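> Please work out how this folds:
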Amino acid sequence: MSFASQGFGPEIVRAVSECGYDKMTPVQRKAIPAARKGRDILANAQTGTGKTAAFALPIIQQLLDTPTQRQGRQVRALILAPTRELAAQIANNCRDYTQYTELSVAVVYGGTKMAGQAATLQKGVDILVATPGRLLEHVAENNVSLTQVHHLVLDEADRMLDMGFSGELTRVMKLVPPKHQTMLFSATYPPKMKQLATQSLKNPVVVAVAPQNSTAETVSHVIYPVDQDRKLDLIVELVGRKNWRQVLVFANYKETVDAVVSELNQYGVPAEACHGDKGQGARRRALREFKEGKIRVLVATDVAARGLDIQGLPYVVNFDVPFLAEDYVHRIGRTGRAGAQGHAISFVARDEELSIAQIEQLIQQRIRRINQPGYEVKDRTNLIYEVHNKQRYTRKRARENNPTDQSAGERQLRGRRTTKRR
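Sure thing, here's the model as predicted:
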């Protein structure tokens, strides 16, 4: 099915063609017809499925179909995203889609000065992409008004809830007019998401393109059992000596990210960090150099786990097992995209075995274990059996997802060795 068959104008068809889009993806085929009619959408779709075009193109066409003179401080379509990186990426996509139109696209997020953003907003914007916190800052400063918003998109809505934006989302929804189209896109559908969907959607069209919390069939999953204080050695062993290229590594704490980057650089492996303490410019530069192949390893907290489009990424490494099982799906969703082969590798210390059991239950498969020579651990057979079968484990909740807990990150690093390998 082509984009032209959906009644898009020639300027949109030309733009998407130049973006390299040929046929619509499953989420686009299911969401676009309903979105074109102005229906609310509840979509369960993983990253890399083409969902940005699924919500953006219908909005662009409807804005073109109802031209109005741009008014100061007013916004016609609002797209909310959880992170700076995802917001910037969505805005770039929207600019590509609107390049042959007169529509304006702007993006606002934290980590950059308010003044430049305020100047843009005060001229009026057709499509605004924003993170919730920075948007409300501009609302409080009277830089922007949401009273003319006719289209509202919550992208990666589950992630926004995980990051504690529930209150901000509620405030934003109270600021937009009662009559508007809402499209809610989410990779997972936990209870908090159900509550948000009930509050924000009216008779929505439900779109599902893959089983909930599924992982791509093109991704191979492996576990390396390792003691916590040997993980730094193991990352150098695998990435350095096996000459892995373009590796995205996830850690739970900023201190751990910095330690991994330092260790890899010390052994001649070009690596950069991406976490909340890094300035926006530094994070953007690290991502760009990673995509260009100038650095081999990008080490990140979960700020980079969602929405980043890295073409052909072969390796995702969980240096730390994520706190929430759902975040495993989000992290490894960076690899194995568009039919390419991907590898999801997890370093698992003894106290992370419960989290692995919860991940295996979520994705409904057991993950293959590899015992790396020189990194042998004490037998965990009984522990693995217990976390899968004993009530004291199966009833235990996952650890809290709080990657900004500085003291926890410091505690995790105390176990690392105090002397370097010779």
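
> residues in contact with Ala43?
Ala43 makes contact with 27, 30-31, 51, 54, 183-186, 206-209, according to C-beta atoms under 8 Å, 6 or more residues apart in numbering. Any C-beta I mention is one placed from the backbone N, CA and C, and that applies to glycine too.

> would you list those in a markdown table and tack on neighbour count and distance to Glu289?
Below are the contacts of Ala43 laid out as a markdown table (neighbours: other C-beta atoms under 10 Å; distance: C-beta to C-beta, whole Å):
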| residue | neighbour count | distance to Glu289 |
| --- | --- | --- |
| Val27 | 24 | 30 |
| Lys30 | 20 | 36 |
| Ala31 | 29 | 34 |
| Lys51 | 27 | 27 |
| Ala54 | 27 | 30 |
| Met183 | 30 | 34 |
| Leu184 | 22 | 34 |
| Phe185 | 26 | 29 |
| Ser186 | 24 | 31 |
| Val206 | 13 | 40 |
| Val207 | 23 | 36 |
| Ala208 | 14 | 36 |
| Val209 | 20 | 32 |
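
> Cross those against strands and list the overlap.
183-186, 206-208 (DSSP state E).

> For Gln266, state which of the residues you listed is nearest.
Proximity of the ones in strands among the contacts of Ala43 to Gln266 (C-beta to C-beta) peaks at Ser186, which lies at 40.1 Å.

> what about Arg241, neighbour count?
Per other C-beta atoms under 10 Å, the neighbour tally for Arg241 reads 10.

> do the same with the one 4 residues further on
Arg245 has 10 neighbouring residues, counting by other C-beta under 10 Å.

> and the closest residue to it other than its chain neighbours, what does it touch?
Of all residues not flanking Arg245 in the chain, Arg296 sits nearest, at 5.7 Å (C-beta to C-beta, 6 or more residues apart in numbering). For Arg296, the contacting residues are 239, 244-247, 269-271, by C-beta under 8 Å, 6+ apart.

> Next one: Arg296, what pLDDT does it get?
Arg296 is assigned a pLDDT of 95 by the prediction.

> on that earlier part again, of the contacts of Ala43, closest to Glu326?
Within the contacts of Ala43, the smallest distance to Glu326 is 10.4 Å, found for Ser186 (C-beta to C-beta).

> If any of the contacts of Arg296 are buried, put those into a ChimeraX selection.
For the buried members of the contacts of Arg296, the matching ChimeraX selection, counting by 16 or more other C-beta atoms under 10 Å, is:
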select :239,244,246,247,269,271
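
> would TSV of the contacts of Arg296 with pLDDT, distance to Arg368 and secondary structure be doable?
As requested, the contacts of Arg296 are exported to TSV (pLDDT from 0 to 100; distance: C-beta to C-beta, whole Å; DSSP: H, G, I helix; E, B strand; the rest coil):
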residue	pLDDT	distance to Arg368	secondary structure
Val239	93	19	helix
Trp244	90	18	coil
Arg245	87	22	coil
Gln246	92	22	coil
Val247	95	19	strand
Val269	94	25	coil
Pro270	95	29	coil
Ala271	95	26	strand
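
> Surely Gln62 and Lys37 touch.
No - if you go by C-beta atoms under 8 Å, Gln62 and Lys37 don't touch, sitting 9.8 Å apart.

> neighbour-wise, which of the two wins?
More neighbours surround Gln62 than the other of Gln62 and Lys37, with 18 against 11 (other C-beta under 10 Å).

> tell me which element that one is part of?
Assigned by DSSP states H and E, Gln62 falls within helix 51-65.

> Quick one: mean pLDDT for that helix?
Averaged across helix 51-65, pLDDT comes to 96.

> Which strands or helices does it pack on?
Judged by 3 or more C-beta pairs under 8 Å, 6 or more residues apart in numbering; DSSP states H and E, the packing partners of helix 51-65 are helix 10-18, helix 26-36, strand 41-44, strand 75-80, helix 84-97, strand 125-130, strand 151-154, strand 181-186.

> one more time with 6 Å, if that's ok
Applying 3 or more C-beta pairs under 6 Å, 6 or more residues apart in numbering; DSSP states H and E, we find helix 51-65 packed against helix 26-36, helix 84-97.

> picking that back up, looking at the contacts of Ala43, which is nearest Val75?
Met183 (15.6 Å).

> What segments of the stretch 251-400 of the chain are helices?
Secondary structure of the stretch 251-400 of the chain (DSSP state H, counting those that start in this stretch): helices located at 254-266, 280-292, 325-332, 353-363, 381-389, 391-394.

> If you count neighbours, what's buried in the second one?
When burial is assessed from 16+ other C-beta under 10 Å, helix 280-292 yields the following buried residues: 283-287, 290-291.

> Any stretches of the protein with poor pLDDT?
1, 46-48, 210-216, 304-309, 337-340, 391-422 (pLDDT under 70).

> how is it carved up into domains?
Taking automatic domain parsing as the reference, the chain has its domains at 4-208, 219-414.

> Pull up the distance across the longest one, start to finish.
End-to-end span of domain 4-208 (C-alpha to C-alpha, to the nearest Å): 23 Å.

> that older thread, any chance of TSV for the helices and strands packed on helix 51-65, columns distance to Ser200?
As requested, those are exported to TSV (distance: least, C-beta to C-beta, whole Å):
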stretch	distance to Ser200
helix 26-36	15
helix 84-97	19
